[in-house]
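Novice: Need the 3D shape of this:
(chains A, B, C and D)
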There are 2 protein chains.
Amino acid sequence: MSSATSAGSARGVMPTMKDVAKAAGVSVKTVSNVVNDYEFVSSSTREKVNKAINELGYQVNVPARNLRLGYTGIISLAIPDLAMPYFAQLSSLVIEESKKLGMRVLVEPTLYSREGELEALHGSQHSMIDGLIYSPLELGMDDVEQLEVDYPLVVLGERIFSDRFDHVATENVEGAKHATAYLISTGCRRIAVIGTHPGEKLGSAALRLDGYRQGLEEAGLDFDPKLVAPSRMWHRIDGVNAMNSLLDAGVVPDGVVALNDMLAAGVLHSIQMHGMSVPDDISVIGFDNSEDSQYLSPSLTSISPGLKAVARLSVRVLKDRINGDRPLNTAPGEHVFRKVSSSLVVRKSTRSVQGDEQSI
Amino acid sequence: MSSATSAGSARGVMPTMKDVAKAAGVSVKTVSNVVNDYEFVSSSTREKVNKAINELGYQVNVPARNLRLGYTGIISLAIPDLAMPYFAQLSSLVIEESKKLGMRVLVEPTLYSREGELEALHGSQHSMIDGLIYSPLELGMDDVEQLEVDYPLVVLGERIFSDRFDHVATENVEGAKHATAYLISTGCRRIAVIGTHPGEKLGSAALRLDGYRQGLEEAGLDFDPKLVAPSRMWHRIDGVNAMNSLLDAGVVPDGVVALNDMLAAGVLHSIQMHGMSVPDDISVIGFDNSEDSQYLSPSLTSISPGLKAVARLSVRVLKDRINGDRPLNTAPGEHVFRKVSSSLVVRKSTRSVQGDEQSI
DNA sequence: TGTATAGTTTATATCGTTAGAAATACTATA
DNA sequence: TATAGTATTTCTAACGATATAAACTATACA
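Specialist: Okay, the predicted model is just below:
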């Protein structure tokens, strides 16, 4: 009965290996041997020791073990915003995958700030962490040398590229191209794109915009800057605002590629507020295939980026680096660059793929 | 530079305090004093030491410090599912609040399993963690003795209650009562409730159902079991299914209390699929005031449980326990039980509060 | 009985930091 | 120039685990 609650340290003193050793009448090393399943321990002493462990309620002191072994079994995951479904989903998958490999995850939201992202890289806590999975948003190619750290690092996305560290990315260009081509195949001819970041060269926004342009081009459609609605943030309210700005300016497309699902949700809202219908008046396609997309009305056609594969790959690559192994059969000195393939999930926010151009 | 990538350990050897001491020509303790901002260090030696630190790129070894100090600065947050917006939001706030107090957070999703929840409590890693914020879903009052652990613990919600540990909860009963009363004030008379857990005595579902019943009772309306649609899970698909089951059975309420926003989103979907309109035919009110609720169509009236206050309080209480201080002016031996007050956020999924009963 | 062989246990150094006490250097005052 | 008093620095012992190598035990075989 923990009647503790005395002042000072909140936790009672824990028994150590020494205590167990004394109780079992053996040496500390023997206790350690038992705890670590060392082969050559006689079953009689093993029993004695286990009995003492149970009686005293012994648990290994992890920081002490960490100090001795030089690693902690903790990795860090730096993402812009844990409250965003996309990153919550990613975090959840990374945690799950890490657990399978015996590691735990310290999630570090960088909150859309440059300092936050730099701190995640260079923060003072790095001896506490075996490696880092890093999803930059503010940092770009100019900062590439900041990423040349001396601990295992896996970078997510295509915002920053270098042959000095490992990458895992989703198919941004291909996915957006696919989305655009699909809208065209359903009869759309004036396709808007929502959520671009003007001036940006890398990063999801630029890449997805590029895919959009490639999609138009392959179909022989002209790129019309009037149909581009930028938005720095990608929350739903930004989708509402961006789409409003188009419609209020009298620009009425027959299809919309939203650069993520939350923008798309806002786009749906905006279109409906303007008294139009999706997909009859305007088709909308999103990106991320977030869990929510199926519950919007109408349910949202979206590009699924294969987040699970991203989580799986990045954790495994990181683990290999931590162990000093070469991940995915890379040559010595070579680094991973892996793109996870995307797929199209068709729902109700786009018209069917027949060539008949109804309504306008 | 970093042409490392040799086999074995992935990280180069790091300089220690000893190295810094040698480089600066002082003792190890002096380096430690500088690092820890000890008052009585002459500015000249402080300078020497800092110079050496920068030149060698020294960083403190956190596990070693942890071992010596007996704490890690890491707390654990056990929640059912990080991919659920409610918990993602909570986690995000807990991380933010912890950071302010100099702590980091290990998020541990228990994934709707009893074993997961028990492991979060009794897992072998507890010396690595200073304390735990614990949001149980599967464990109930029968398991209360499982929670009598010997490390600082703050329990979220009202599922499990004991005067042996600290609690922070949201106003489940009051919130649902408020929601129900509000629907009644807008003219609703046949109010369904979506997402109950039959047989459950504690936990959000039971408490919110209780609030719903109290709301009816105070208005003199009878409780009608036909208007209750249970659902074990609270994802949107469950809201769709539950509402479908009512409507398909010919039970058409004029108002719906959904026990969370995701259920509510599903309810909206279901109603619209049945050719009815919200709020003209049926008013819908949710619970959680998730970020999404404002982007549903129509935007969702919801009960805001004050998650931020929950995060703030629970982290602060935990920190006090870790420090051996008494939180929130509790008497020695007494524990915190704090309910964070909820509020109603009115949006477009409910009719206006005039007494005029239009439609039906 | 002696000796090699394999199985089992132990003594002790070490990981990198912090902390208490002891030692030394400085400053001001008599 | 002592001398007390304070400021600064150092010495050394922890914290609790793991690991090397040495020291025992058995067992087997000659």
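Novice: what ranges do the strands span in the stretch 251-360 of chain A?
Specialist: A:255-258, A:283-287, A:301-304, A:337-340, A:343-345 (DSSP state E, counting those that start in this stretch).
Novice: Make a markdown table from those strands and add mean pLDDT and mean neighbour count to it.
Specialist: Just so you know, the C-beta spots here come from the backbone N, C-alpha and C atoms, and that holds for glycine as well. Conversion of the strands of the stretch 251-360 of chain A to a markdown table gives the following (pLDDT from 0 to 100; neighbours: other Cβ atoms under 10 Å in any protein chain shown):
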| stretch | mean pLDDT | mean neighbour count |
| --- | --- | --- |
| strand A:255-258 | 98 | 31 |
| strand A:283-287 | 97 | 29 |
| strand A:301-304 | 96 | 26 |
| strand A:337-340 | 95 | 17 |
| strand A:343-345 | 95 | 15 |
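Novice: Dump the ones you listed to JSON lines, plus distance to A:L207.
Specialist: Formatted as JSON lines, those follow (distance: least, Cβ to Cβ, whole Å):
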{"stretch": "strand A:255-258", "distance to A:L207": "13"}
{"stretch": "strand A:283-287", "distance to A:L207": "11"}
{"stretch": "strand A:301-304", "distance to A:L207": "12"}
{"stretch": "strand A:337-340", "distance to A:L207": "11"}
{"stretch": "strand A:343-345", "distance to A:L207": "17"}
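Novice: got those strands as CSV, with distance to DNA strand C columns?
Specialist: Below are those laid out as CSV (distance: least, Cβ to the nearest atom of the strand, whole Å):
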stretch, distance to DNA strand C
strand A:255-258, 49
strand A:283-287, 45
strand A:301-304, 45
strand A:337-340, 33
strand A:343-345, 47
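Novice: among these, which is nearest A:R104?
Specialist: strand A:337-340 (23.8 Å; Cβ to Cβ).
Novice: And the residue of the stretch 251-360 of chain A closest to chain B?
Specialist: A:Y295 (4.1 Å; Cβ to the nearest Cβ).
Novice: Which residue lies closest in space to that residue, excluding its sequence neighbours?
Specialist: B:R236 (4.1 Å; Cβ to Cβ, 6 or more residues apart in numbering or on different chains).
Novice: what's around A:T30, how many residues?
Specialist: A:T30: 21 surrounding residues under other Cβ atoms under 10 Å in any protein chain shown.
Novice: which ones are touching it?
Specialist: A:A21, A:A24, A:V41, A:T45, A:V49 (Cβ atoms under 8 Å, 6 or more residues apart in numbering or on different chains).
Novice: how about a cut-off of 10 Å?
Specialist: A:M17, A:V20, A:A21, A:A24, A:Y38, A:V41, A:S42, A:T45, A:R46, A:K48, A:V49 (Cβ atoms under 10 Å, 6 or more residues apart in numbering or on different chains).
Novice: ok so, going back, can you verify my assumption that the residue of the stretch 251-360 of chain A closest to chain B contacts B:Q272?
Specialist: No. Between A:Y295 and B:Q272 there is no contact under Cβ atoms under 10 Å: 11.3 Å.
Novice: Residue of the stretch 151-300 of chain A closest to DNA strand D, please.
Specialist: A:P152 (19.8 Å; Cβ to the nearest atom of the strand).
Novice: what about that residue, how many neighbours?
Specialist: Around A:P152 there are 24 residues (other Cβ under 10 Å).
Novice: contacts for stretch A:235-242?
Specialist: Under Cβ under 10 Å, 6+ apart, the answer for stretch A:235-242 is A:81, A:83-84, A:192-196, A:228-234, A:256, A:258-271, A:273, A:284, A:286, A:292, B:291-292, B:294-296.
Novice: in chain A, which ranges drop under the pLDDT threshold?
Specialist: For chain A, the stretches flagged by pLDDT under 70 are A:1-10, A:354-360.
Novice: What residues does chain A have near DNA strand C?
Specialist: Within chain A, the positions lying close to DNA strand C (Cβ under 7 Å from any atom of the strand) are A:25-30, A:33, A:39-42, A:44-45, A:64, A:67-68.
Novice: Go through these and flag which are in helices.
Specialist: If you go by DSSP state H, the residues of chain A next to DNA strand C have A:V28, A:K29, A:T30, A:N33, A:S44, A:T45, A:A64, A:L67, A:R68 in helices.
Novice: For the residues you listed, pick the one with the most neighbours.
Specialist: Neighbour max across these (other Cβ under 10 Å) = A:T30, 21 neighbours.
Novice: ok, which of the residues of chain A next to DNA strand C also contact DNA strand D?
Specialist: Of the residues of chain A next to DNA strand C, the ones that also sit near DNA strand D (Cβ under 7 Å from any atom of the strand) are A:V28, A:K29, A:A64, A:L67, A:R68.
Novice: Now do the domain split for chain A, please.
Specialist: A:3-60, A:69-170+A:307-329, A:172-304 (automatic domain parsing).
Novice: So which of those domains is nearest B:N329?
Specialist: The nearest among the domains of chain A, by Cβ to Cβ, is domain A:3-60 at 14.9 Å.
Novice: picking up where we left off before, which pair of the residues of chain A next to DNA strand C spans the longest distance?
Specialist: Between all members of those, the farthest pair (by Cβ to Cβ) comes out as A:S44 and A:L67, at 31.7 Å.
Novice: Going through the contacts of stretch A:235-242, which ones are buried?
Specialist: Neighbour counting by 16 or more other Cβ atoms under 10 Å in any protein chain shown classes A:81, A:83-84, A:192-196, A:228-231, A:234, A:256, A:258-271, A:284, A:286, A:292, B:291-292, B:294-296 among the contacts of stretch A:235-242 as buried.
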